[in-house]
Every structure is written in structure tokens, then in C-alpha cells.
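**Q** Just to be clear, the model below is a prediction. Sequence and coordinates:
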Amino acid sequence: MSLDDQIRWDRQHAQTLEAEAPSSLLQQIFETGAWQLPPGRGLDIAAGKGRNALYLAERGFEVVAVDISRVALDAARRHAEQQHLHVDFQQLDLEQSFPEGEYDLILNINYLQRSLIPKIKAALRVGGHVIFETYSIDQQVIGHPTNPNYLLAHNELLDHFRDFRVLYYREGKFSDGGEPSFRAGIFAQKI
């Protein structure tokens, strides 16, 4: 990513600095009781204002949250302080690699950079989990984003994580507290 990308994301995040609710997929995984994920080391990629990182920290995870936007990370730090939670927020260009075998759980929500997927897989410990959800190609019908480079093809996540144990997969039209959008999401374990 470039300085232009950072400026664009800073502008977008500056429009609203309020804390948002965590991803509905993330909440579903933790709150249904179907899966017991013990606290461990977590990584939140493209963390924005920290909604998902804070959710993990509340559940005892040691979380590293990375984003290119200083504006978003400053807001995330304020939210963490207000909630008395510790998260290691880092401004990072996502072209860099993550430490291999370092994390028990990696989140990638509302962001698609396909070149990151091998890095995500390498950064997970064996037995670790990934929760990955973003917009699908059907989103073009109802609005932003419409660029196919930032939209998943049908079943694309299943293909990317075919060497993982898929614990849950969903694809369709969902609401994450706002306007409904077409999304695909996967919860999978590195084996």
C-alpha cells in the first residue's frame, strides 16, 4: 500500500470515529457455544477502529491489531482506553509479512487483499483458527464496493482454505448492524 492508500483510509475513517459493533460472524462463532476457542494470541488485520480486536481482548485474547490508517488506530486506542482493554495497535502496511506460526486466531473482516491469504495461513500456528469475511461478487448489484478486485467469487474462500478444516462457512446477504450486504465468511482451523 502507498501513502495515497493511507490518506484514503484516513479520510474514510475520519467520517465517523464512534465504536462499531463487532462482526456478526465473529459474535456468532463465540456466542453460539458450538466452538470453544481458548484465549490465545490473536491478530486483527485491517482492524480499523478496533471493534473486533476489542471483542477478542474482552475474551482474554492477547491481540495485535494492524491497520494502515493512523486516524482509525487513534480512535481504536481511545475505545480500548475507555473500556480498560489492552490491544497492541500497530500502523502497518499490509505488504509486509507477519511472523510465522505466531497466532492462535487471525481475523480478516471487510478487507480483501488476496496476496495476504498465504501470509495469514503461514502466520497461524497449527491448530490455530482463521475468521475471514468480506464482500462477495453479488455486492455489485446493490452498491459499494463494486470493483471485482475487492469482491470474493462464489465459494472462493473455500478454495483458498481447502487445506484447512472448515468449521463454518456462509455466503449470502447479511446485515452487520447496518445496510444488508452480500458477503462470504469462513471459520477454519489450520491442520
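**A** Ah, there it is.

**Q** all strands for the chain, in order.
**A** With DSSP state E as the criterion, the chain has strands at 41-45, 62-67, 88-91, 103-109, 124-135, 164-174, 181-190.

**Q** helices and strands around the fifth one, which ones?
**A** Using 3 or more CB pairs under 8 Å, 6 or more residues apart in numbering; DSSP states H and E as the contact criterion, the elements in contact with strand 124-135 are helix 24-31, strand 103-109, helix 117-123, strand 181-190. No exception for glycine: its C-beta is placed from N, CA and C like everyone else's.

**Q** and the ones you listed, which is most packed in?
**A** Of all the helices and strands packed on strand 124-135, strand 103-109 has the most neighbours on average by mean count of other CB atoms under 10 Å, namely a mean of 24.

**Q** Quick one: mean pLDDT for it?
**A** For strand 103-109, the mean pLDDT works out to 98.

**Q** can you list the weak-confidence ranges in this protein?
**A** 1-19, 177 (pLDDT under 70).

**Q** can you pull the contacts of the residue located most distally from the centre of the chain?
**A** What lies farthest from the middle of the chain is Val141; by CA atoms, centre = their mean that is 23.4 Å. If a contact means CB atoms under 8 Å, 6 or more residues apart in numbering, then Val141 has Phe182 as its contacts.

**Q** where's it relative to Arg183, distance?
**A** Using CB to CB, to the nearest Å, Val141 is found at 13 Å from Arg183.

**Q** again with Pro145
**A** Pro145 is 11 Å from Arg183, by CB to CB.

**Q** Common neighbours of those two, please.
**A** Tyr135, Gln139.

**Q** and stretch 57-76, how far out from the chain's middle?
**A** With CA atoms, centre = their mean, to the nearest Å as the basis, stretch 57-76 stands 11 Å off its chain's centre.
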